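Provided below for reference: sequence and predicted model.
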Amino acid sequence: MNVSRVLRWSLMGAAAVVVAPVLLVAVLGAAIDAGYGRAVLVHYIAVRLGRPIEVRGPLEAHLLSLHPWLVADQVTIGNPAWTPPGTTAEIGRLSAVFKLPGFGHLGGIIALDLQAATLSLVRDATGHANWQLYDPAKRHVNKNSSIMRTVSMPNAHVVLADDQRHLQFVGTVTAADPDGPGGPQPMRIQGAGQLNGKPATFELTADPLATASHRTPYHFTFAERSGDSHIEGSGVLPQPFAFDIVDASFKATGPDLKDLFFLTGIHLIDTGEYQLTGNISRRGLHTEFHDLAATSGGSDLHGSVTVDSSSGGPHLTVDLDSKLLRLSDLGARAAGRATQPKPPLLLSDAMLSVNALRHGGAVVNFRAAELDVGHLPLHGVSAKATIDRAILMVEPFQARLLGGRLNGRLNLDARKDVPTADVDLRITDLELGQLAKKDAEHPPAEGRLQARIRVTGQGTSVHQIAASANGTVRAQLQNGAIRESFAELTGVDLRGLGLLMTKDKQDVPLRCAIANFKASGGTLSSENLIADTDSVLITADGQIHLDSEALDLTVRGHPKSLRLFRLRAPITITGVLLHPALGIQGSKSKLVIVDPGHAKDADCAGLLAQATAEEASTPAPR
């Protein structure tokens with residue numbers, strides 16, 4: 001008896017547990033359908049969405065249906081807990097149709113209509129956004145969630161502040177997938193407004209939502225335009241609708257690569273007219289740009305870029321190759337943005353992006369078959385660069401230069417308002433004869449040059465660093481040759497003029513040559529300039545102004561034997577590095593009928609030993 005009583009009450013209790021919620025939902029649904037329980041419904045939806053919701057206007061709902069619906073006016077939706085307090089959306093009228101949970105699938109919204117909507121969208125640098133349905137710190141899989149089958153949002157006012165993608169947008173966006181005579185139409189999202197401070201338009205066309213499925217990939221195409229810059233492409237969501245898993249291809253064109261910032265938020269350098277193509281694969285916080293191919297002017301780049309944001313800030317791994325990269329194709333001058341017309345520069349003014357150096361870290365591996373640095377061809381270039389805490393370190397840097405080798409390192413500290421640079425370059429066995437372009441078979445000078453450039457400066461381009469350089473520049477050459485007519489002309493004598501007029505191309509041995517400069521504030525001042533031939537000792541002094549690249553050098557020739565009708569006048573070298581000009585300083589000239597030529601041989605062994613000792617005292621680039 002007692003057992004049967006316990007069993008009976010237990011079954012009745014269990015039935016009550018099961019039936020009571022059903023009855024409660026039925027009663028609540030009926031109350032809401034009748035216009036009661038408004039506050040309860042709004043609170044329930046707010047709890048489910050994880051954000052505050054306020055409805056100031058009328059609210060209609062019909063919940064006792066397989067597809068419940070509601071219509072609400074003057075709706076305000078606040079930010080979720082993982083973003084700062086604020087408003088995500090203000091909607092004049094919101095209409096939604098729901099699908100109830102069932103076996104094998106989750107419930108959700110299947111139809112949404114937003115009228116007179118204003119969206120205030122924000123995302124911080126760590127990826128926390130107020131438009132996310134779930135806390136990004138918690139992994140959420142939506143394989144069985146309901147797919148929204150129809151969307152309508154005409155002329156919504158949208159304000160976007162995306163610190164992670166560096167995008168700022170203010171404008172209007174329209175989204176719709178209307179049914180047409182032939183059935184479901186493609187999903188279209190169109191927008192226009194100010195993107196990163198410039199007028200821009202964009203359009204995305206995707207598969208119809210009515211036919212979308214979690215079991216098949218979801219395809220889309222896109223196009224963006226800002227001024228003359230344009231990006232277009234196509235892609236797919238392999239797992240609809242997991243937006244953190246994307247595969248796409250793209251093509252970008254425009255007059256200046258730097259303008260892509262106004263479409264993508266990515267800081268790049270100035271170029272001339274360009275074309276950039278590639279593919280992108282995103283897997284959560286890991287994004288890879290692969291099969292990249294860029295061309296501008298005569299330059300090309302190919303490779304891949306991987307972005308990993310799992311540790312907070314983005315970390316880049318870059319691998320690039322080039323057949324030909326000309327620095328003259330980079331920089332404000334190549335883009336036509338130079339503020340004042342200037343003569344062509346030997347040293348490139350292409351600038352690195354300080355913003356890129358200050359955001360996250362990077363490891364860059366670069367190789368080029370040919371790198372044209374201010375009309376100097378480097379071959380077989382390889383370099384590794386690292387960016388860490390706004391400090392760029394390029395080490396090692398290796399290349400072949402005019403038959404010799406170039407090794408160096410660069411340290412650029414961008415933590416300050418004006419970046420500071422430390423440069424150390426060593427040139428070994430450069431063939432002077434390969435500098436000749438007009439007459440390669442009979443160069444004016446030959447020999448293997450050794451040089452060392454050790455300077456500090458400020459700026460983000462080769463030219464800026466040189467224009468503020470402090471340090472030393474040294475070069476030496478032993479057992480070379482020089483055009484005899486030039487050697488004799490430094491003394492301005494009858495014999496030299498004769499050789500010049502007859503275009504004599506005979507060489508005279510060059511016992512040694514030493515060039516030591518001290519750099520201060522971007523000006524190279526000579527400390528020791530000597531070239532010693534068998535017949536003439538040549539000395540020089542003066543300055544090279546690296547900001548303007550102007551030359552101000554004076555050369556004097558001292559004969560070692562008898563000369564007739566010699567004009568003792570210094571030879572001047574003016575002009576700029578790319579286009580030097582020779583002249584005679586007439587104010588200091590003196591005609592000598594007979595010059596016995598008492599100049600002596602330079603102590604080449606001592607000069608070279610001193611240069612070697614000074615070189616050894618300075619650590620070589622690693």
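Cool, got the structure. Quick caveat, the model's predicted, so the values are computed rather than measured.

Please parse this protein into its domains.
The chain breaks down by automatic domain parsing into domains covering 23-132+145-176, 484-616.

Put together JSON lines for these, with mean neighbour count on each row.
(Each C-beta comes from the backbone N, C-alpha and C, glycine too.) Putting the domains of the chain into JSON lines (neighbours: other C-beta atoms under 10 Å) gives the following:
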{"stretch": "domain 23-132+145-176", "mean neighbour count": "16"}
{"stretch": "domain 484-616", "mean neighbour count": "17"}
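
Distance of residue 511 relative to residue 435?
Going from residue 511 to residue 435 by C-beta to C-beta, to the nearest Å gives 20 Å.

What of residue 197?
Taking C-beta to C-beta, one finds residue 197 at 46 Å from residue 435.

Neighbour count for those two, which is higher?
Neighbour count, other C-beta atoms under 10 Å: between residue 197 and residue 435, residue 435 has more, with 15 against 11.

Can you give me every residue that contacts residue 376?
Residues near residue 376 by C-beta atoms under 8 Å, 6 or more residues apart in numbering: 346, 401-402.

Scan those residues and report the most crowded one.
Result: residue 401 is most packed of those (other C-beta under 10 Å), 22 neighbours.

Give me the pLDDT for it.
For residue 401, the pLDDT comes out at 89.

What residues are bridge-paired with it?
Note on residue 401: beta-bridge partners by DSSP bridges are residue 378, residue 404.

ok, it touching residue 431?
No - because the distance of 9.2 Å does not satisfy C-beta atoms under 8 Å, residue 401 is recorded as not touching residue 431.

where do the helices sit along the stretch 251-400 of the chain?
261-264, 354-358 (DSSP state H, counting those that start in this stretch).

nearest to residue 129, of these?
helix 261-264 (17.6 Å; C-beta to C-beta).

Give me the residues contacting that closest one.
Contacts to helix 261-264, defined as C-beta under 8 Å, 6+ apart, come from residues 165-167, 195-198, 200, 224-227, 229, 231, 252, 267-268.

Can you check which strand is longest in this structure?
Ranked by number of residues, the top strand in the chain under DSSP state E is strand 108-123.

Show me what that one is packed against.
Applying 3 or more C-beta pairs under 8 Å, 6 or more residues apart in numbering; DSSP states H and E, we find strand 108-123 packed against strand 87-99, strand 150-162.

Show me what the first one is in contact with.
Residues outside strand 87-99 that contact it (C-beta under 8 Å, 6+ apart): 51, 57, 67-80, 105, 107-121, 130-131, 146.

And the pLDDT at residue 14?
Looking at residue 14, its pLDDT is 39.

How many residues are close by the residue nearest to residue 245 when sequence neighbours are not counted?
Nearest residue to residue 245 in three dimensions, chain neighbours excluded: residue 239, at 5.2 Å (C-beta to C-beta, 6 or more residues apart in numbering). Counted with other C-beta under 10 Å, residues neighbouring residue 239 total 17.

How about the secondary structure of residue 239?
Secondary structure, DSSP: H, G, I helix; E, B strand; the rest coil: residue 239 is coil.

Do you know the pLDDT at it?
pLDDT for residue 239: 86.

ok, it touching residue 215?
No - using C-beta under 8 Å, residue 239 makes no contact with residue 215, being 9.9 Å away.

Buried subset of the contacts of helix 261-264, written for ChimeraX?
To isolate the buried members of the contacts of helix 261-264 in ChimeraX, using 16 or more other C-beta atoms under 10 Å:
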select :167,195,196,200,224,225,226,229,231,252,267,268
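
show me what contacts residue 172?
155-158, 191-193.

Work out for me the element it sits within.
Using DSSP states H and E, residue 172 falls within strand 167-176.

That strand: how far from the chain's middle?
Its chain's C-alpha centre and that of strand 167-176 lie 26 Å apart, by C-alpha atoms, centre = their mean, to the nearest Å.

Which neighbours in the sheet does that strand have, and how are they oriented?
strand 150-162 (antiparallel), strand 187-195 (antiparallel).

Report pLDDT for residue 191.
pLDDT, read off for residue 191, is 92.

quick one, what contacts the residue nearest to it when sequence neighbours are not counted?
Closest residue in space to residue 191, ignoring its immediate chain neighbours: residue 173 at 4.2 Å, by C-beta to C-beta, 6+ apart. Residues in contact with residue 173 (C-beta under 8 Å, 6+ apart) are 119, 153, 155-156, 158, 189-191.
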